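*Asks:* Need coordinates for the following:
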Amino acid sequence: MRRARVALVACVVAFVALILPAMALYPGGTWWDPHAVGHRFWTNFLCDLEWHTALNGTPNLAGARLAAGAMLSLVLAFVPFWPLAARLFASHARLAATVRVLGWTSVLGMIAVALMPSERFGALHGVAVVVAGLPGLSAAVLAATGQLLARRTLPGSLGAAMVLFAITDFVLYVHTMLHGGPGPLVLPVAQKLALLLLLAWMLVVAAARPARAGKPQRDAGETPGVP
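*Replies:* Below you'll find the predicted structure:
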């Protein structure tokens, strides 16, 4: 699992290293304010950064390529993440196996999301989000539950918080996709909060010690014998 941990951290670092300059290069425009200048963290969607022509009509070729690379790095991070997350509750073997299967299934859909930006693929991008989101969210719910059952408080709590915002974002996204319009402003806010919590969850999982089968592990700071 050491290689998996290194790979996970490397993918997270690569995502951050690519998405930040992509944000800096984004010319501007949001779905609520097409004339906005520059990237707006809380009102731009991640997929906006992949548009070759920004929402304000300005070319964004370099930024779009960086954003595409960042999204692929994030997708690749899930390959080592799911087995690492599942190892934190190894005593729940069936639950861990289900998380791995659902998680890896969602990766295929995530690749389609990253390779089919909404600028060029329109509704197909939304379909890919839904196809990837259902097994991905299911895996996240089960992983966070397993970690909490195994008394892995920090990763389990981060996972549960991430799931809360991710489900909110997913439900609002599907509603907007079905009814049209840019949707409520809380939509990109929920996406960004879910993203930040996801990155934190990934790094904590990468740093956590694996559980021994049949023996729950304590998080750092817990005192033996104290409930």
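*Asks:* all contacts plus neighbour counts: C-alpha atoms, from now on.
*Replies:* Will do.
*Asks:* Let me know how buried residue 64 is, in neighbour terms.
*Replies:* Residue 64 sits with 25 neighbouring residues when counted by other Cα atoms under 10 Å.
*Asks:* Does it touch residue 22 like I think?
*Replies:* Yes - under the criterion of Cα atoms under 8 Å, residue 64 is in contact with residue 22, at a separation of 6.8 Å.
*Asks:* hey, what's in contact with both of those two?
*Replies:* Overlap between the contact sets of residue 64 and residue 22, as judged by Cα atoms under 8 Å, 6 or more residues apart in numbering, is given by residue 49.
*Asks:* could you point out where this structure is predicted with low confidence?
*Replies:* Within the chain, the set of residues satisfying pLDDT under 70 comprises 117-126, 211-227.
*Asks:* At which residues are the helices of the protein located?
*Replies:* Listed in chain order, the helices of the chain (DSSP state H) span 2-25, 61-87, 93-115, 118-121, 123-149, 153-179, 186-207.
*Asks:* Let me have those helices in TSV, adding distance to residue 35 as columns.
*Replies:* Supplementary listing: those in TSV, determined by distance: least, Cα to Cα, whole Å:
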stretch	distance to residue 35
helix 2-25	16
helix 61-87	18
helix 93-115	26
helix 118-121	17
helix 123-149	24
helix 153-179	22
helix 186-207	18
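*Asks:* Name the stretch among those that sits most buried.
*Replies:* helix 61-87 (a mean of 23; mean count of other Cα atoms under 10 Å).
*Asks:* centre of the chain versus that helix, how much separation?
*Replies:* Between the centre of helix 61-87 and the centre of its chain there are 8 Å (Cα atoms, centre = their mean, to the nearest Å).
*Asks:* what's around residue 26, how many residues?
*Replies:* Taking other Cα under 10 Å as the neighbour definition, residue 26 ends up with a count of 29.
*Asks:* Next, the contact list for it, please.
*Replies:* By Cα under 8 Å, 6+ apart, the residues touching residue 26 are 38-39, 49, 54, 60, 63.
*Asks:* cool, residue 52 as well?
*Replies:* Taking Cα under 8 Å, 6+ apart, one finds 59-61, 63-64, 119 in contact with residue 52.
*Asks:* From residue 177, how far out is it?
*Replies:* Relative to residue 177, residue 52 is positioned 22 Å away (Cα to Cα, to the nearest Å).
*Asks:* next one: residue 103
*Replies:* Plainly put, residue 103 is 24 Å away from residue 177 if you go by Cα to Cα.
*Asks:* Please name the nearest non-neighbouring residue to residue 174.
*Replies:* residue 130 (7.5 Å; Cα to Cα, 6 or more residues apart in numbering).
*Asks:* Please read the previous query as pertaining to residue 158.
*Replies:* Nearest to residue 158 is residue 201, by Cα to Cα, 6+ apart, at 5.6 Å.
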